[in-house]
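have a look at this fold, sequence not included:
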């Protein structure tokens, strides 16, 4: 669950809703919206990076072994990576 | 020294804007406001002011350009009418939500259809709830004064809200009047340089116009509502200062011969002065009639209205727009809401009048005052009428 970041009262609302701390969108963990998550079968993955290219969230990055892995803090479970993965290494699994 | 000049009011409005030295003007022509940006483009082209005049492809772009320019800290102005204001509609609540002090002149014109280029107030009434300060002028002098006041009010640190000055299309925009212009040094003394609260600048990164989730949207709207309500204090201060400097008095609701009046008419815009003449005639006939001229439409002057109608037996509210399918015209509905529950309120009758450029005459107001007095006696259930419509 994303940590609450909004002001408690209307008086604390910044003038015009201005945000003075750039880049703080990353503090909002949109992964909580997900109802399916991508699961990688490393035996099928050829490390082509198509999932990384297509991910609309930009939440896929390469790990130390060269595999492309989704950051579940931000992955919304759209399934585009699984759809694009032609070797069939990514499967969408229902969230518990 | 103050200069007196005979000038078309739209041109005079542009001259008033020029005295305020805007940084950016973005506008798209639409009758009847067109002469305002047209004359401003002349002023910019002649090098009389150091401003960017952005020729945009639509009103949506005009207000979007103003929004962006204001966010960088520029003093900005735009003007429009009718469907042009509707086309700005998508951006209207965003400018106020971002707390950007954009100043706009609206040459009020009927909304189509049928297509009609003439005056009524349906354009601004459609944008009533957009979070803008909304002020109505009775004549050319008021247009000039209000445009200069507008920048000071909108840009005030305790306000920071967009503001529209409403001038009736043709009845005001295209009429030549003798107008007193303050000189540049007087305006410079009255109107300080705009000091923005925050600006878009690469050296100091911030975000404006961000997403508001359900967890914050209610608080955002409350903050905007309170800001608009509180702007009245600054509006009053600026008007008091103006009166001290230039001798012309402005009030949210200006009374004309309302002292002890039984029948009180309420008008806005160019109807005001026609109604004044009617009140004079009624007074000559020993009819106890007075007039309230509503200048400040948003924030709505609730307390001032309650005080202004004390003692009146009947209040006849003119609406220059139809709220189709509604219980009353937009102005009257507001007035009824403000007076509901007040002790001994006047009877309220509502006349929709002057739609799409239909003439509003002195005789019309005399008739309306008589009808209102009759209605006060008979207390009809229906106190709403589209005045002068043909067909029974």
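That came in fine, so what should we check first? Predicted, not measured: the structure shown is a model, and the values here were computed from it.

so what's the most far-flung residue of chain A relative to its centre up against?
Distance to the chain centre peaks in chain A at residue A:11, reaching 32.8 Å (criterion: CA atoms, centre = their mean). Counting by CB atoms under 8 Å, 6 or more residues apart in numbering or on different chains, residue A:11 touches residue B:223. Using the backbone N, CA and C atoms, a C-beta is placed for each residue, glycine as well.

surely it forms part of a helix?
Yes: assessed by DSSP: H, G, I helix; E, B strand; the rest coil, residue A:11 belongs to a helix.

how close does it sit to residue B:214?
When distance is defined by CB to CB, to the nearest Å, residue A:11 is 19 Å away from residue B:214.

so where does residue B:359 fall, helix or strand?
Using DSSP states H and E, no element contains residue B:359; it sits outside every helix and strand.

for burial, what's the neighbour tally of it?
As a burial measure, residue B:359 scores 11 neighbours (other CB atoms under 10 Å in any protein chain shown).

all helices for the stretch 201-350 of chain B, in order.
Ranges of helices in the stretch 201-350 of chain B, per DSSP state H, counting those that start in this stretch, are B:214-246, B:271-284, B:302-308, B:330-339.

other SSEs contacting the third one?
Right, the one you point to is helix B:302-308. Taking 3 or more CB pairs under 8 Å, 6 or more residues apart in numbering or on different chains; DSSP states H and E as contact, the helices and strands that helix B:302-308 lies on are strand B:253-256, helix B:330-339.

need the contact list for whatever residue of the stretch 51-200 of chain B ends up closest to chain A.
In the stretch 51-200 of chain B, the residue that lies nearest chain A is residue B:99 (3.6 Å; CB to the nearest CB). Counting by CB under 8 Å, 6+ apart, residue B:99 touches A:15-16, B:160-161, B:197, B:224, B:227.

which one of these has the most neighbours?
That'd be residue B:161 among the contacts of residue B:99, by other CB under 10 Å, with 28 neighbours.

could the helices of the stretch 201-350 of chain B go into JSON lines alongside mean pLDDT?
What follows is the helices of the stretch 201-350 of chain B, written out as JSON lines (pLDDT from 0 to 100):
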{"stretch": "helix B:214-246", "mean pLDDT": "97"}
{"stretch": "helix B:271-284", "mean pLDDT": "98"}
{"stretch": "helix B:302-308", "mean pLDDT": "98"}
{"stretch": "helix B:330-339", "mean pLDDT": "98"}
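
mind putting these into a markdown table with distance to residue B:315?
What follows is the helices of the stretch 201-350 of chain B, written out as a markdown table (distance: least, CB to CB, whole Å):
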| stretch | distance to residue B:315 |
| --- | --- |
| helix B:214-246 | 21 |
| helix B:271-284 | 13 |
| helix B:302-308 | 9 |
| helix B:330-339 | 7 |
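
and the residue farthest from the centre of chain A, what pLDDT?
With respect to pLDDT, residue A:11 scores 96.

give me the distance between it and residue B:208.
20 Å.

and for residue B:381?
50 Å.

same check on residue A:70?
Where residue B:208 is concerned, residue A:70 sits at a distance of 31 Å (CB to CB).

who has more neighbours, these two?
The residue with more neighbours, out of residue A:70 and residue B:208, is residue A:70; 24 against 20, by other CB under 10 Å.

who's in contact with the more buried one?
Residue A:70 touches A:37-38, A:51, A:55, A:59-60, A:81, counting by CB under 8 Å, 6+ apart.

could you do residue B:329 as well?
B:317, B:319-323, B:350, B:352, B:384.

one more: residue B:176?
So residue B:176 contacts B:6-9 (CB under 8 Å, 6+ apart).

most surrounded residue in those residues?
For these, neighbours tallied by other CB under 10 Å; top is residue B:9, 29 neighbours.

excluding chain neighbours, what is closest to that one?
Nearest non-adjacent residue to residue B:9, counting by CB to CB, 6 or more residues apart in numbering or on different chains: residue B:140, 3.9 Å away.

re the thing from before, do you know the pLDDT at the residue of the stretch 51-200 of chain B closest to chain A?
Confidence score, pLDDT, at residue B:99: 98.
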